[in-house]
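# Take this sequence and fold it.
(one chain, ligands or ions: 1)
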Amino acid sequence: MAGLRFKICGLTDPADVPAALLAGAGYLGFVFFPKSARHLTIPDAALIAGTVPEGICKVALTVNASDAELDAIVGGVPLDMIQLHGSETAERVDEVRDRFGLPVMKAVGVSSEEDLPKLDEMGRAADQLLVDAKPPKGADLPGGNGVAFDWRLIAGRRWPVPWMLAGGLTPENLDEAVRLTGARQVDVSSGVERAPGVKDADRIAAFGAAARRLG
Ligand SMILES: O=C(O)c1ccccc1NCC(=O)[C@H](O)[C@H](O)COP(=O)(O)O
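Next up, the predicted model:
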């Protein structure tokens, strides 16, 4: 398989796009979740996504969104994929794919072995899996918390669809995370920020360099 592909998630500024592209990102994520510091309005997301060249996958990240909310997002922003990051069921994954005609990436939070069957279930339903850390107790956000899970839990596990490792990744720990899990796609948000919702071009470049070394 080709080199390590990565997604920079939670872009909030138009200047984040060239930084991510220069680093070699293959996916860019836009967060639609008002409690998040990375939340974008539809016009702001349209402005940023509109600058992304063809061939780079633009992902809308939503949490238990209704059809009406998804209608507004998909109707207002140029997108290539929908990420479902809430408690959506396999049936909802199918519904969203059918209604919007876009591939669906389903996020599953992992903190113990008990979470692994969910990965298998969603690996049969979704077009891609995002294998993320479960949020800490009491967290406001179901993802983007900058925490990692025990990567050994998924060592050697595979699913029938492409999957991405996420949760607490940084330029510094990417090597170990990939070595332990065998991931060929990864996702990062907090690890390339200087403050919640504020991406750091130098850290994005460092993440891209770490990904290239693993490619
Ligand atoms: O990033 C957010 O603010 C967010 C809000 C609500 C649901 C999910 C969210 N992020 C999901 C992602 O795909 C993150 O990139 C992923 O959880 C990894 O985040 P991090 O641990 O901060 O690198």
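
# And for the closest residue to Gly208 other than its chain neighbours, the neighbour number?
Once flanking residues are discounted, Gly208 sits nearest to Ala23: 2.8 Å by C-beta to C-beta, 6 or more residues apart in numbering. In this view, the C-beta of every residue, glycine as well, is placed from N, C-alpha and C. The number of residues packed near Ala23 is 21, by other C-beta atoms under 10 Å.

# doesn't Ile8 make contact with Ala23?
Yes: the criterion here is C-beta atoms under 8 Å, and Ala23 meets it with Ile8 at 7.5 Å.

# Show me where this structure dips below the pLDDT cut-off.
Counting by pLDDT under 70, the chain contains low-confidence ranges at 1-2.

# hey, which helix is longest across the protein?
In the chain, with assignment by DSSP state H, the single longest helix is helix 201-214.

# Send me that one as CSV with only the CA atoms.
The C-alpha trace of helix 201-214 is given here as CSV (Å, rounded to 0.1, in the frame of the first residue of the first chain):
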residue,chain,number,x,y,z
ALA,A,201,1.5,25.5,10.9
ASP,A,202,4.8,24.3,12.3
ARG,A,203,3.2,21.4,14.1
ILE,A,204,1.2,20.5,11.0
ALA,A,205,4.5,20.4,9.0
ALA,A,206,6.1,18.3,11.7
PHE,A,207,3.2,15.8,11.6
GLY,A,208,3.6,15.6,7.8
ALA,A,209,7.3,15.0,8.1
ALA,A,210,6.7,12.2,10.7
ALA,A,211,4.1,10.7,8.3
ARG,A,212,6.5,10.8,5.4
ARG,A,213,9.2,9.0,7.5
LEU,A,214,6.7,6.2,8.0
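
# how far out from the middle of the chain is the host helix or strand of Asp71?
Using DSSP states H and E, Asp71 sits within helix 67-76. Relative to its chain's centre, helix 67-76 lies at 19 Å (C-alpha atoms, centre = their mean, to the nearest Å).

# helices and strands around that helix, which ones?
helix 42-49, strand 57-62, helix 90-100 (3 or more C-beta pairs under 8 Å, 6 or more residues apart in numbering; DSSP states H and E).

# Just want the angle from the last one to helix 67-76.
Relative orientation of helix 90-100 with respect to helix 67-76: 40 degrees, computed using axes from the mean of the first three to the mean of the last three C-alpha atoms, to 10 degrees.

# For the residue of the chain found nearest the ligand, list the residues it contacts.
Proximity of the chain to the ligand (C-beta to the nearest ligand atom) peaks at Gly144, 2.2 Å away. By C-beta atoms under 8 Å, 6 or more residues apart in numbering, the contact list for Gly144 reads 9-10, 31, 36, 38, 189-190.

# One more pass at 6 Å, please.
10, 189 (C-beta atoms under 6 Å, 6 or more residues apart in numbering).

# Over to it. Which of the three states is it?
coil (DSSP: H, G, I helix; E, B strand; the rest coil).

# if I look at it, how far off is Gly197?
9 Å (C-beta to C-beta, to the nearest Å).

# same question, Val131
With distances taken as C-beta to C-beta, Val131 is found 24 Å from Gly197.

# quick one: which of those two has more around it?
Val131 (29 against 19).

# Near Pro196, how many residues? Count them for me, please.
16.

# Right, I'll call it a day here.
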